[in-house]
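[1] no letters, just coordinates:
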């Protein structure tokens, strides 16, 4: 079984790094593009976090591993959106931001540390996963509106 699976995604966003960072870590923003969930955390190393949906349901949770504001965020990623992913061990998500101009930011995402092609891997990297969420974040930050996914 392949244990070195990783999903990597690069996206240029027409917004300064500070605005992209806020889009990633502010629960009032995440609810617009992370399937209606709010990121709840203290945003410091070792702190727990959760993307919380309706009724207080934790769709994803884990621990903050590294925080470098406006540059890097690393967290464990434990999915709970259905029974198949709930059986998977936590994986890891890394966001890295690089300014490529005064109002352009490169967002580099890596989702790794999977135990092979798990349900979490499949649900995160295919249709409706990271590419859709990050494209919606890009639209939200550039136009004020997320993608219409429903």
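    Received, thanks. From a predicted model like this one, the values you see are computed outputs, not experimental measurements.

[2] going by C-alpha atoms from here, please, whenever you check contacts or count neighbours.
    OK.

[3] who does the helix ranked longest in the chain touch, helix- and strand-wise?
    Across the chain, the longest stretch assigned as helix under DSSP state H is helix 130-143. On a contact count with 3 or more Cα pairs under 8 Å, 6 or more residues apart in numbering; DSSP states H and E, helix 130-143 meets strand 7-13, helix 17-25, helix 27-33.

[4] could I get these in a markdown table, plus columns for distance to residue 111 and mean pLDDT?
    Formatted as a markdown table, the helices and strands packed on helix 130-143 follow (distance: least, Cα to Cα, whole Å; pLDDT from 0 to 100):
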| stretch | distance to residue 111 | mean pLDDT |
| --- | --- | --- |
| strand 7-13 | 5 | 96 |
| helix 17-25 | 15 | 98 |
| helix 27-33 | 18 | 96 |
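
[5] what's the closest of the ones you listed to residue 48?
    Using Cα to Cα as the measure, helix 17-25 is the one of the helices and strands packed on helix 130-143 that comes nearest residue 48, at 13.2 Å.

[6] tell me the buried residues in the longest helix of the chain?
    Neighbour counts over helix 130-143 (16 or more other Cα atoms under 10 Å) mark 130, 131, 132, 133, 134, 135, 136, 137, 138, 139, 140, 141 as buried.

[7] do the same with stretch 79-86
    79, 80, 85, 86.

[8] those in strands, which ones?
    Among those, DSSP state E puts residue 79 in strands.

[9] looking at the buried residues of stretch 79-86, which one is closest to residue 46?
    residue 79 (18.4 Å).

[10] all set now, cheers.
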